[in-house]
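K.L.:
this is a predicted model, with the sequence first.
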Amino acid sequence: MKTTEELHQILSGQFGEEACELKADEKVAPWIIVKPDLIRDIAKYLRDEKGLRFDSLMCLSGVHYQKENELGVTYHLYSTTEKHKLTLKVIMPEDDAHLPTVEQIWKTADWHEREAYDMFGIRFDGHPDPRRILCPDDWEGYPLRKDYQVQEFYRGMKVEY
Amino acid sequence: MTNVKEKGPEVTLTPPRDTGKGLKTQEMVINMGPQHPSTHGVLRMELTLDGEIVTNAIPHIGYLHRCFEKHSEAMNDYAKVIPYVDRMDYVAAMNNELGYAIAMERLMDIRVNDRVEYIRIIMSELQRIASHLLAIGTFGLDIGAFTPFLYCFIEREKVLDIFEKASGARLLYNYIWIGGLMNDVPADFKSDTAEFVKSFRPKIKELNDLLSMNKIFIDRTANIGVLPEKVAINYGVSGPSLRGSGVHWDLRRDDPYSIYDRFDFDVIVGKGEMGTLGDCWDRYIVRVREMEESLKIIEQALDQMPEEGDVHEAVPKKIRPPAGEIYCRTETPRGELGYYIISDKSTSPFRVKARAPSFVNLSVLPAISIGAMVADMVAIIGSIDIVLGEVDR
Amino acid sequence: MQQFLESFLPAGPLVVFVFSIIPLMIILVYALFAIWLERKVAGHMQDRLGPMRTGGWHGWAQTIADLVKMIQKEDIVPAKADRFLFKMAPFIAFAASYAAFVAIPFSSGYIGSMIDVGVFYIVAITSLLSVSIIMAGWASNNKWSLLGAMRTAAQTVSYEIPTVVTILSVIIVTGTLNLMEITELQSGNTFLGFLPGWLIFHSPFMVIAFVLFFIATLAEAHRVPFDLPESESELVGGYQTEYSGMRWGLFMLTEYADMLLLSLLGAALFFGGWNSPFGSYLDGPLWGAFWMLLKGMILVFVMMWLRWTLPRLRVDQLMNLCWKYLIPLSFVNLVLIALWEMIF
């Protein structure tokens, strides 16, 4: 059982101070912001390292921070053996949103990453099946972005009713 | 906007084989769904078949996508999200509401009184029984046993009657509110529930006699769709499907929310009694036995429930949570339902993401169905108990 | 029977026509009744009532209403189907099971044709059914139909073997293939003073033969737990997937006619056919028809009972059951019955 502060200590010891940054809010549990390029290595380390053993990815969510022109991905991790939780966040610029996939580390990420791509247009490099999942394959735009405008016609059918 | 035109993974068929007798055989691609009696809704499976053996399975989802997350962001009030939450897992709406209400209460630091807590627990355990009955019944139906399905529905009807008396609705309740309940339970709620608990126990035995221990049923489900423990955890499978693989894991005990720590109940796991650990029969029997545990919880809750307490006591006039975010998970009949809610201090949510258990459980399907037969596919889909409303949200 | 008809009907062909149409009338009335009965049986087994409104008394007119609806429905042929085969298949199916009724002795006064190879004829003509199902499955140009048709082919061919072997064990005792003669042999004499002289009471091995025969005919009639050809929860509708309206209705009719045919065959072979269970009491041609149909309907009811109780087998388990258990058992049983015949 480790707190986020302790986990941050371990991670910055392993990957350097600049790779991860501890953020805390007065209201809710703190989280760690991770450089996009490193997420895969950090995820692998978190899963395999003794004493950490984050074997379960509870949730992977895309977020659109419109004011900052940024897209984010939030990872909620849990260890079923050590019983500790961790929240990782990756922040990317809106026009070049891509990061390595963690699909090979937690299979849960497979469909969640496809959903994040479908809804936010975040590209996961190395994903084996990078398709849309909920919308049709030829849908235009990413519906959960805050500035999303629905297309007028889809295959000749009027979308707005 | 760029025009996205990614193609699906090309289904590669093995080239036609010559059998040596002047005949050629080839694999066949067949679409199971979206209109198929046993895909529990609008799931579409693209199966590659060698005879009747499945060599590849690709699930296609999204036919029931109703933009839950986009709708939630468009709501100008957090309370207005609750009816949408109902419509995700429409056979276990109470549990969905409970998860959302608890997430919001944690974000806003609201404490509800004991009467509300107990009513919520009773409601969500009754809902768990109703949902498991549906899962068991339709699973039997998939195997070809029609009668147990209707027996299950008779019992489920009694639960729905209790809900109808309390909330006025039979399926989508909007009953559990942030900070309280829509209204107090009717006067005969306690006696109705106690009567149901009493009448339901023998029915479980009847169900076991009729279906669970039937030789043909066991033949059809044991050793089919084996989901090993490691694979299950790696895929994030949760709920009865995970416990069927022998993992002692129940959020009600391991990450308690509400007042679950006050009750005494067992976590049911599969033991591989009829075949391999983690087969369809194990997943099925976990649901049957969990209903008995739910009955235990309901009985204890009925005993301890305080008579006094205003269910509207902690309901906020205006819901305006502080800026922040929360990930809160609860155990629904299908597994771990998580809500990731980000608030930007306004009255409408900045982001609501639902981590739907069916969505995650379904993703394991291709991994456990290769090598099965078409008839087994039906059993496997039935045994992981998906609700497409929750998969597609 | 034929002489009786000739006594008041003038021309020869008309007599033959009336004579040959009797089984059709029986089948049609029976099918209307059996479909209603199936719904009632299902309903009562599932703690509900089944149809209650159409026609007033317990929804007796429900099947007739359904029939009227089916006749009115549009006759849809899929665009890429083989039109000729697709349209032909239901008729061949029904013709096959109707033709088999000719050798069934409905009473001591009525049998369609006194052919000496009656049992053999029934077994041969009912295998036409699988041809029609393969036709339907292939012509539909639908993969589900094709899978259903392939299952049917395998199932029917396999289960014909135990059926024929158990029938053979009856033939050993009776020494004739004519069903009328087989039935006549079972009349009159009694075993142990009180049991009627039916073949099922002939020896303990006859009971085993009947159980094997009944299981095999369940599979031949595609009833649960062997209803794999249409298994609605796996193959959508199997070979019937693309059919609608009256063509589908004909398949339905065939299914029920088949149930009756095999039940009547079972009744004639093992339960004394048109013989009264009370010796010479309540005997005679008309009572005989009553007893025959009653015995057939009881077996049909057991088939319905099983359908609403059991789940469905998988295709490989179905084959296992047939080839690993039924066929060896029926052969062993055949030998034992032959020995019994030699000793007693």
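P.N.:
Yep, it's here.

K.L.:
what are the ranges of the strands in chain B?
P.N.:
Assigned by DSSP state E, the strands in chain B fall at B:17-18, B:24-25, B:28-32, B:44-50, B:53-60, B:176-177, B:180-181, B:324-332, B:335-343, B:351-355.

K.L.:
the closest residue to chain C within chain A: neighbour count?
P.N.:
Using C-beta to the nearest C-beta, the single residue of chain A nearest to chain C is A:R155, 22.0 Å away. Quick note: C-beta positions are derived from backbone N, CA and C, even for glycine. A:R155 is flanked by 7 other residues according to other C-beta atoms under 10 Å in any protein chain shown.

K.L.:
sorry, back to before: looking at the strands of chain B, which is closest to chain C?
P.N.:
strand B:28-32 (4.8 Å).

K.L.:
partners of the closest one in the sheet?
P.N.:
Partners of strand B:28-32 in the sheet, by DSSP bridges, are strand B:44-50 (antiparallel).

K.L.:
how far does stretch B:241-258 sit from the chain's center?
P.N.:
13 Å (C-alpha atoms, centre = their mean, to the nearest Å).

K.L.:
can you pull the buried residues of that stretch?
P.N.:
With burial defined by 16 or more other C-beta atoms under 10 Å in any protein chain shown, the residues of stretch B:241-258 counted as buried are B:241-247, B:249-252, B:255, B:257-258.

K.L.:
in a markdown table, list these along with pLDDT.
P.N.:
Formatted as a markdown table, those follow (pLDDT from 0 to 100):
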| residue | pLDDT |
| --- | --- |
| B:S241 | 89 |
| B:L242 | 89 |
| B:R243 | 89 |
| B:G244 | 88 |
| B:S245 | 88 |
| B:G246 | 86 |
| B:V247 | 86 |
| B:W249 | 85 |
| B:D250 | 86 |
| B:L251 | 86 |
| B:R252 | 86 |
| B:D255 | 82 |
| B:Y257 | 85 |
| B:S258 | 84 |
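
K.L.:
of those, which is the nearest to C:V164?
P.N.:
Of all the buried residues of stretch B:241-258, C:V164 sits closest to B:G244, with 44.1 Å by C-beta to C-beta.

K.L.:
tell me the spacing between the nearest residue to the closest one once chain neighbours are set aside and chain A.
P.N.:
Distances taken as C-beta to C-beta, 6 or more residues apart in numbering or on different chains place B:R283 nearest to B:G244, at 3.4 Å, with adjacent residues excluded. Taking C-beta to the nearest C-beta, to the nearest Å as the measure, B:R283 falls 18 Å from chain A.

K.L.:
name the SS class of the residue nearest the centre of chain A, please.
P.N.:
Chain A has A:V73 as the residue nearest its centroid, 2.9 Å off, counting by C-alpha atoms, centre = their mean. Of the three states, A:V73 takes strand under DSSP: H, G, I helix; E, B strand; the rest coil.

K.L.:
the residue lying closest to it once chain neighbours are set aside sits in which helix or strand?
P.N.:
Counting by C-beta to C-beta, 6+ apart, A:V90 is the residue found nearest to A:V73 once chain neighbours are left out, at 4.7 Å. A:V90 belongs to strand A:85-93 when assigned by DSSP states H and E.

K.L.:
quick check: closest non-adjacent residue to B:T25.
P.N.:
Closest to B:T25 by C-beta to C-beta, 6+ apart is B:R17, at 5.3 Å.

K.L.:
the one you found contacts B:K24, correct?
P.N.:
Yes - between B:R17 and B:K24 a contact is recorded at 6.7 Å, counting by C-beta atoms under 8 Å.

K.L.:
returning to what we had before: next one: the helix or strand following the strand holding A:V90, is it in contact with chain B?
P.N.:
Using DSSP H and E, the helix or strand that follows strand A:85-93 towards the C-terminus is strand A:98-100. No - Strand A:98-100 does not reach chain B (C-beta under 8 Å from any C-beta of the partner chain); its nearest approach is 13.8 Å.

K.L.:
which strands and helices lie in contact with the helix or strand that comes right after strand A:98-100?
P.N.:
Using DSSP H and E, the helix or strand that follows strand A:98-100 in sequence is helix A:109-120. If you count contacts as 3 or more C-beta pairs under 8 Å, 6 or more residues apart in numbering or on different chains; DSSP states H and E, helix A:109-120 packs onto strand A:56-65, strand A:123-125, helix B:357-362.

K.L.:
what residues does helix A:109-120 touch?
P.N.:
A:57, A:59-64, A:71, A:73, A:97, A:101-103, A:122-124, A:127-135, A:142-145, B:69, B:359-360, B:362-363 (C-beta atoms under 8 Å, 6 or more residues apart in numbering or on different chains).

K.L.:
over to stretch B:139-146?
P.N.:
With contact meaning C-beta under 8 Å, 6+ apart, stretch B:139-146 is reached by B:38, B:148-149, B:152, B:210-211, B:214, B:216-217, B:220-221, B:284, B:378-379, B:381-383, B:385, C:42, C:46, C:224-225, C:227, C:231, C:233, C:308-312.

K.L.:
buried stuff in the strand holding A:V90?
P.N.:
Result for strand A:85-93 [16+ other C-beta under 10 Å]: buried residues A:85-92.

K.L.:
compute the inter-axis angle for that strand and strand B:335-343.
P.N.:
50 degrees (axes from the mean of the first three to the mean of the last three C-alpha atoms, to 10 degrees).

K.L.:
each with direction, which strands does strand A:85-93 pair with?
P.N.:
Note on strand A:85-93: by DSSP bridges, its sheet partners are strand A:31-34 (parallel), strand A:70-78 (antiparallel).

K.L.:
I'd like the average pLDDT over that strand.
P.N.:
Strand A:85-93 comes out with an average pLDDT of 85.

K.L.:
likewise stretch C:323-334?
P.N.:
91.

K.L.:
contacts only, for B:A130.
P.N.:
B:A130 makes contacts with B:91-92, B:156, B:159-160, as judged by C-beta under 8 Å, 6+ apart.

K.L.:
got the confidence number for it?
P.N.:
91.

K.L.:
check the spacing between it and B:G272 real quick.
P.N.:
Going from B:A130 to B:G272 by C-beta to C-beta, to the nearest Å gives 28 Å.

K.L.:
coming back round to it: give me the buried subset of the contacts of helix A:109-120.
P.N.:
A:57, A:59-64, A:71, A:73, A:97, A:101-103, A:122-124, A:127, A:130, A:132-135, A:142-145, B:69, B:359-360, B:362-363.

K.L.:
flag every residue of chain A that's near chain B.
P.N.:
Residues of chain A lying near chain B (C-beta under 8 Å from any C-beta): A:25, A:27-28, A:55-59, A:61, A:63-64, A:74, A:76, A:80, A:83, A:87, A:106-108, A:110-112, A:119, A:129-141, A:143-144, A:146, A:151.
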